[in-house]
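# structure of the sequence below:
(chains A and B)
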Amino acid sequence: EAQVTQNPRYLITVTGKKLTVTCSQNMNHEYMSWYRQDPGLGLRQIYYSMNVEVTDKGDVPEGYKVSRKEKRNFPLILESPSPNQTSLYFCASSLSMRRFPGEDGNQPQHFGDGTRLSIL
Amino acid sequence: AQKVTQAQTEISVVEKEDVTLDCVYETRDTTYYLFWYKQPPSGELVFLIRRNSFDEQNEISGRYSWNFQKSTSSFNFTITASQVVDSAVYFCALSQGNTGFQKLVFGTGTRLLVSP
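As a prediction, this is how the structure comes out:
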């Protein structure tokens, strides 16, 4: 079954304790991305990756790190979590988000089930 | 700047009523894509539709229909004969960027409550 898998689904932790949220997709997608969802703000992009070893900042990258050593995995790292990072996090992947003339880009992103993080 | 506005924060209807969720977008791109996603109470995000800026044809899928109007920069979503299972938060999104990499900009979502 084609899917994006995030772990953990729920986590309560304390300020300053490093944590990693894993994301894995089995669809051989090039593009992967992390979003956070907060009430009244919708989803905002944290980081994205166009392919292995290619990552870039989204709209709200502060306090987060990512890596893309393998095509299927895109972990989100919070080196020193703070309470303002309490949120619902989604990982997403798609075949491509690139657009060139004649190419049917912007394939729909497939989302994981979300990770609810609470930083105390 | 690219922006998506979903002015309706929450809509409540009774089962079998029709309901329209509004989405207004802003972009300087001539080529762009619009999306709708559904987030049911269980929390996952479900892709509903993708539409590119060159295709203004309305689309119908069962009880769902979408009305794309470039003249008003709107991409509205109508549910006909709503059902309790339609209760969810619905997000409209716009792909931004003129060349090369694209990314999604989401609206703030509209919560739809369908009561029996």
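
# how long is stretch B:29-45 end to end?
Start-to-end span of stretch B:29-45 (Cα to Cα, to the nearest Å) is 26 Å.

# next one: stretch B:73-82
25 Å.

# centre of the chain to that stretch, how far?
7 Å (Cα atoms, centre = their mean, to the nearest Å).

# what about it, average pLDDT?
Model confidence over stretch B:73-82, given as mean pLDDT, is 96.

# tell me which residues are up against that stretch.
Residues from elsewhere that reach stretch B:73-82 (Cβ atoms under 8 Å, 6 or more residues apart in numbering or on different chains): B:13, B:15-27, B:34, B:36, B:48, B:51, B:63-69, B:86, B:90, B:92, B:112, B:114. The way it works is simple: take the backbone N, C-alpha and C, and place the C-beta from them, glycine included.

# the same query, at a cut-off of 6 Å, please.
The contact list for stretch B:73-82 (Cβ atoms under 6 Å, 6 or more residues apart in numbering or on different chains) reads B:13, B:16-25, B:34, B:36, B:63, B:65-68, B:86, B:114.

# repeat for stretch B:103-116
A:42-43, A:45, B:2, B:4, B:6, B:8, B:10-15, B:21, B:82, B:84, B:86-87, B:89-96.

# residues in contact with the closest residue to A:I46 other than its chain neighbours?
Among residues not flanking A:I46 along the chain, A:W34 sits closest, at 4.3 Å (Cβ to Cβ, 6 or more residues apart in numbering or on different chains). Each residue near A:W34 by Cβ under 6 Å, 6+ apart is listed here: A:46-47, A:76, A:91.

# can you put these in a markdown table and add neighbour count and secondary structure?
Output for those, formatted as a markdown table (neighbours: other Cβ atoms under 10 Å in any protein chain shown; DSSP: H, G, I helix; E, B strand; the rest coil):
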| residue | neighbour count | secondary structure |
| --- | --- | --- |
| A:I46 | 25 | strand |
| A:Y47 | 23 | strand |
| A:L76 | 22 | strand |
| A:C91 | 28 | strand |
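
# right, and the helix or strand after the worst-scoring helix or strand of chain B on mean pLDDT?
None of the helices or strands of chain B scores lower by mean pLDDT, DSSP states H and E than strand B:100-101, at a mean of 52. Tracing the chain past strand B:100-101, the next element assigned as helix or strand by DSSP states H and E is strand B:103-106.

# neighbouring strands for that next one, and are they parallel or not?
Strand pairing for strand B:103-106, using DSSP bridges, gives strand B:88-96 (antiparallel).

# CA atoms of the partner strand as CSV?
Provided in CSV are the C-alpha atoms of strand B:88-96 (Å, rounded to 0.1, in the frame of the first residue of the first chain):
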residue,chain,number,x,y,z
ALA,B,88,-14.3,17.9,8.3
VAL,B,89,-11.9,20.8,7.9
TYR,B,90,-11.3,21.6,4.2
PHE,B,91,-8.2,23.3,3.0
CYS,B,92,-7.7,25.1,-0.3
ALA,B,93,-4.1,25.4,-1.5
LEU,B,94,-2.1,27.1,-4.2
SER,B,95,1.1,26.1,-5.7
GLN,B,96,3.5,29.0,-6.0
